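Q: here is my input, please return the structure:
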Amino acid sequence: MEINIPQTKNEIYCIIKNMKSTANKSSVSLKNICLPLIVFLSIIFPITVTSQQNPVSLAVLPFENMNGNPEQDYLKGIIAYILIEDLSGSEALTIVERDIIETVLKEQQLQFTGLIDDEGAIEAGKLLGASYMLKGGYVFLGQDIFINITLIDVETGTSRTFSERGYQENTVHSLSEKLLKYMTGHEFTLQRDVGDRTILALDQQAPGKVELFSYITDARVFMDEEFVGYTTGDSTVPFVLEIPPGEHTIRVHLTKNFGVIDLPKVTFHDWQEQFNLLPGDKIVLEDRTRHFNDLLYDMKQLLRKSMQLDLGSGEQKQIANSVKFVDREGKEVKLELAIKFEETGIPEHGAYAEVIFRYENKDYSFKYFAPAGKDIDFSEEIGKIRLDIDLECNSTYEYELDYGIWRTDVWQGMHRE
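A: Residues are numbered from 1 along each chain as shown. Purely as a prediction, here's the structure:
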């Protein structure tokens, strides 16, 4: 006897349907016929039970400007946009489209505003098939806003209130985090660094204050490339300016001989600084403008020291120094200097200096002598540096050795070239 085993679930449904028809005609219990077959087929086709929870549906009503000042009405759209954008990012939520909400409410002669009462919101939620209705308003407080939101559970009629005070995008993101946790039971992180941007219009924000300290006298100060005054020349007395909050750039200009140097390439320009001024806040800045030749001199001088020997002592001193700098191509250069300074012990003979210099892992050695009564300078240029040795042997009581290392890839006056 040949048995054909069904291959698909559709074939099983057809078999059960035929068996039901046969059972009705023969007055045989369908349970007696189907039960053994179902047990058999369950071995061939294991039944997997899955449950998929439907996402929560949310309808957001327009926000209300509780101040009533039309100059702050623009915040309605900003708050709603950020909030809906945040909530739409959760797969556990579906947001009812604004056009659908407006159409349904108009058909039922209900107000399409956040001023609708809870009872009306619940009625509208049922018509929309929404799990929750969200309504809210805000109050402008001069430097920030207070946002209050009511979330209404359409099925139970209960409501929950959430509020935040601030003026940044993160203020609304914080509300979104609270709402998502309440409706889904999961934590969400929506606040971020770029969220510190204000949502208030410039003409609605309190001005901020800038205090600029500078030791430069009568340098011209520019705010966003507009001339606004002169530096005081007293490093303890600031130049003060009140300006609207937001992103700004301040710049100080004296002459072509003053400013700051960009490293490592060594380029010259006015000192300037960008900053973000918050409403009602104060920023204190220090002008870094300096004379270019002073800055270049400090850059050139990598090392400068001295040591002494008593006349006729015959003593010996040794030193070792390590120096490094970043050249104009951005490469780090390492230097090592070792000097042995020796007095002959005979006053009329003078003093010796033996030098071992390592530049870029290559050693150089030099020996210098200055007779009594003489002051002799020695100089060696190696790569991008110059080594200076000054032996002074004309003192009546001691010999002195001055030594220095200087960069040769920068020089005073190069800003004029």
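Q: make it CA atoms for all contacts and neighbour counts henceforth
A: OK.
Q: point out where the stretch 151-300 of the chain drops to low pLDDT.
A: The stretch 151-300 of the chain contains residues with pLDDT under 70 at 202-204.
Q: ranges for the strands of it?
A: Along the stretch 151-300 of the chain, the segments classed as strands by DSSP state E, counting those that start in this stretch run 159-166, 208-213, 217-223, 226-232, 239-243, 246-253, 258-262, 267-269, 271-277, 282-286, 290-291.
Q: the stretch 301-417 of the chain too?
A: When secondary structure is read from DSSP E, counting those that start in this stretch, the stretch 301-417 of the chain shows strands at 301-310, 316-326, 332-343, 351-359, 362-370, 375-382, 385-392, 398-407.
Q: for the first one, list every residue counted as buried.
A: Neighbour-count burial for strand 301-310, with 16 or more other CA atoms under 10 Å as criterion, is recorded at 302, 308-310.
Q: same question, the third one
A: Along strand 332-343, these residues count as buried under the neighbour rule (16+ other CA under 10 Å): 333, 335-337, 339, 341-343.
Q: what lines up beside it in the sheet?
A: Here the strand partners of strand 332-343, with direction, are listed using DSSP bridges: strand 316-326 (antiparallel), strand 351-359 (antiparallel).
Q: and if you look at the last one?
A: According to DSSP bridges, strand 398-407 has the following sheet partners: strand 301-310 (antiparallel), strand 385-392 (antiparallel).
Q: need those in JSON lines with distance to residue 244 and mean pLDDT, can you?
A: Rendered in JSON lines, the data for those read as follows (distance: least, CA to CA, whole Å; pLDDT from 0 to 100):
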{"stretch": "strand 301-310", "distance to residue 244": "44", "mean pLDDT": "93"}
{"stretch": "strand 385-392", "distance to residue 244": "50", "mean pLDDT": "94"}
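Q: now those strands as CSV including distance to residue 168?
A: Compiled in CSV, these are given as follows (distance: least, CA to CA, whole Å):
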stretch, distance to residue 168
strand 301-310, 48
strand 385-392, 53
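Q: and of these, who's closest to residue 369?
A: strand 385-392 (7.7 Å; CA to CA).
Q: quick one: buried residues of that closest one?
A: By neighbour count on 16+ other CA under 10 Å, the buried set for strand 385-392 is 385-392.
Q: Throw these into CSV and include distance to residue 177, thanks.
A: As requested, the buried residues of strand 385-392 are exported to CSV (distance: CA to CA, whole Å):
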residue, distance to residue 177
385, 60
386, 63
387, 65
388, 67
389, 69
390, 71
391, 74
392, 76
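Q: can you pick out the most distant pair from those?
A: 385 and 392 (22.8 Å).
Q: any idea which of the strands of the stretch 301-417 of the chain gets closest to residue 209?
A: Closest approach to residue 209 among the strands of the stretch 301-417 of the chain (CA to CA): strand 316-326, 38.1 Å.
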